[in-house]
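Chemist: predicted model and sequence follow; I will ask about them next.
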Amino acid sequence: MVVEFDYIIVGAGSAGCVLAHRLSEDSGQTVLLIEAGSDDRSILIKMPTALSIPMGLKRFNWGFWGQAEPHLDHRRMDCARGKVLGGSSAINGMVYVRGHARDFDQWVERGATGWSYADCLPYFKRAERWMGGADTYRGAQGPIDTCNGNGMRNPLYQAFIDAGCDAGYGATADYNGFRQEGFGPMHMTVRKGERCSTDLAYLAPARHRSNLTVMTRAEVERLTLSEGQITGVEYRRRGKSHAVRARKEVILSAGSVGSPVLLQRSGIGPKAVLERAKVTVNCDLPGVGENLQDHLEIYFQYRCSQPISLNGHLDWWSKLRIGARWILRRSGLGATNHFESCGFIRSRAGLAWPDIQYHFMPAAIRYDGRAAFTGHGFQVHVGPNKPESRGYVRISGPAVHDEPEILFNYLSTEQDRQDWRACLRLTREILQQPALDSFRDAEIQPAIDLSNDAAIDAWVRQHAETAYHPSCSCRMGAADDAMAVVDPHCRVRGVTGLRVVDSSIFPTIPNGNLNAPTIMVAERAADLILGKTPLREDVDVWEDPHWQTQQRTSTPVRTVKPGPPPEVVAQS
């Protein structure tokens, strides 16, 4: 006898946990949530400052790798994705950025009717518990806790904000509210000193419900299909194959790699891709796996002339003290991701909203948590956020163990390369402003002549890293868009009984990190699935009244020519 549920959700990540919570609120609906990974009880996940560790563990990470990138000197890029309850929200950097309001209006322009900022705002608010309290733009009663970490106690955080203001960009008190553009405090998903994943926020409070079943360590092999109707899924658990039926719908929330891969493995996707992989074509849907987008970033690093950076806390004794304080009190340097100030700017005049994002850290450190050099330093992570380049996710064979082919095709357009040149030049200018004079010493990297386009292009090709924001590979669109995979109700075209709800359905990548908009998409999709009237709130948002003619809000106090840095030291 095959077990049946009303809804089957594949993937307990940033979207899947939200859906499981919302759909199971109705006790008359039975819900099965299937996750290939395990729970997220590890202290390495809970402790915010340990953010670099879970991503490096096979237990929590699918371990995907991209193909050789033709425009990044043929480097292969890591594509870490969460394999644990909470998905990537359990292994990410916890940065909470909604994106700019115009990002969502752009979705509507691309055929995603009903997904404007006015349509999305109520669901952002419903999802969050903002430390600053509720207002027109922020929610204070939702499951996801958002805060500013330790409140920018290190003076370098404020110095970076002031440097952005010195350069003419202005300040913003809340980039997730009325005004994104400018420099200000950064927000993170941390609750009382612990990572606030969607498992903690959404799934844990719903686990007691008798109508919700959560199944871990179960990998879905394919969807089952009968005469154009998705009827359920086949999965493998503890070495045995099983099948389960959906009375109403199957919902894929496996992410921007997992969802297109599962569709293609089930015979739903581009005919040529399926035939090459020796998969029977059930629905020729050419957009599945296409339109893949991601953010790249680089680090600007400087030595700090005062002994106040986090580099002074990287010895084993300091780490022991930080860990002990966090274990005992959930406070101190262990309770933050250390990205407590940030900025959003436009790379050129003629852009209505920002396309460059800054994450500032009062340390010069590698992503694995080791010091970049001996001594004190600080760094800012930066990159253009609205790339033109498009890639793909394609299966290489019919079996679960066949590795997918992932190609982002980074920097494949001249505009993307121009944006990076502007990005590096504008960033050095900001970091050379008076507000940082008393802290800034020699530049560690990039430490190149920024007046030379070829030098910039070569350095970016060699040093740019993924920001771990894969998206848009099952994009939403209008009925007459042949490359759209889902309609504005998240229903997969060409079949019935199937939806995709995760970051893969974004038409374009937002100007920011992806966890917040992914949660929002799931909140809104839950209402659509349950047939509720979608919420909507029309509000004003700030944009520079002179954006068509000027690149920043005011004339900078001081500008720096984009040549060699004043002082350069070799990376050690």
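Modeler: Arrived safely, thanks for sending. This one's a predicted model, so the numbers in the text were calculated from it and none came from an experiment. Numbering: from 1, shown residues only.
Chemist: quick one: contacts for residue 497?
Modeler: 229, 230, 231, 246, 248, 249, 250 (C-beta atoms under 8 Å, 6 or more residues apart in numbering). In short, each C-beta sits where N, CA and C put it, glycine included.
Chemist: now the buried members of these.
Modeler: Buried subset of the contacts of residue 497 (neighbour count, 16 or more other C-beta atoms under 10 Å): 230, 231, 246, 248, 249, 250.
Chemist: what's the helix or strand where the fifth one lies in contact with?
Modeler: When secondary structure is defined using DSSP states H and E, the element that contains residue 249 is strand 240-252. Under the contact criterion C-beta under 8 Å, 6+ apart, strand 240-252 has outside partners 2-11, 16, 19, 32, 218, 221, 223-224, 230-236, 258-259, 262-263, 497-502, 529.
Chemist: could I get the average pLDDT for it?
Modeler: In this model, strand 240-252 has an average pLDDT of 97.
Chemist: could you point out which element follows that strand?
Modeler: helix 255-265.
Chemist: and the following helix or strand past that next one, what's its mean pLDDT?
Modeler: Proceeding N to C from helix 255-265, the next assigned helix or strand is strand 268-269, under DSSP H and E. The pLDDT scores in strand 268-269 average 98.
Chemist: with only the CA atoms kept, save the strand holding residue 249 in PDB.
Modeler: Output in PDB follows, covering the C-alpha atoms of strand 240-252 (Å, rounded to 0.1, in the frame of the first residue of the first chain):
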ATOM      1  CA  LYS A 240      15.700   0.900   0.000                       C
ATOM      2  CA  SER A 241      13.500   2.600  -2.600                       C
ATOM      3  CA  HIS A 242      10.000   3.800  -1.600                       C
ATOM      4  CA  ALA A 243       7.100   5.700  -3.200                       C
ATOM      5  CA  VAL A 244       4.700   8.100  -1.800                       C
ATOM      6  CA  ARG A 245       1.600   9.700  -3.400                       C
ATOM      7  CA  ALA A 246       0.300  13.300  -3.300                       C
ATOM      8  CA  ARG A 247      -3.400  13.700  -3.300                       C
ATOM      9  CA  LYS A 248      -3.100  17.400  -4.200                       C
ATOM     10  CA  GLU A 249       0.400  18.600  -5.100                       C
ATOM     11  CA  VAL A 250       4.100  18.000  -5.100                       C
ATOM     12  CA  ILE A 251       6.200  21.100  -4.300                       C
ATOM     13  CA  LEU A 252       9.900  21.200  -5.200                       C
END
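Chemist: please state the offset of it from the chain centre?
Modeler: Distance, stretch centre to chain centre, for strand 240-252: 28 Å (C-alpha atoms, centre = their mean, to the nearest Å).
Chemist: okay, now the sheet partners of that strand, with direction.
Modeler: strand 3-10 (parallel), strand 229-237 (antiparallel), strand 498-500 (parallel) (DSSP bridges).
Chemist: so which of the contacts of residue 497 comes closest to residue 115?
Modeler: Nearest to residue 115 out of those is residue 249 (C-beta to C-beta; 19.7 Å).
Chemist: quick one, helices of the chain?
Modeler: Remark: helices assigned in the chain by DSSP state H are 16-23, 43-46, 101-109, 117-127, 155-166, 198, 255-265, 271-276, 316-329, 414-431, 453-463, 515-529.
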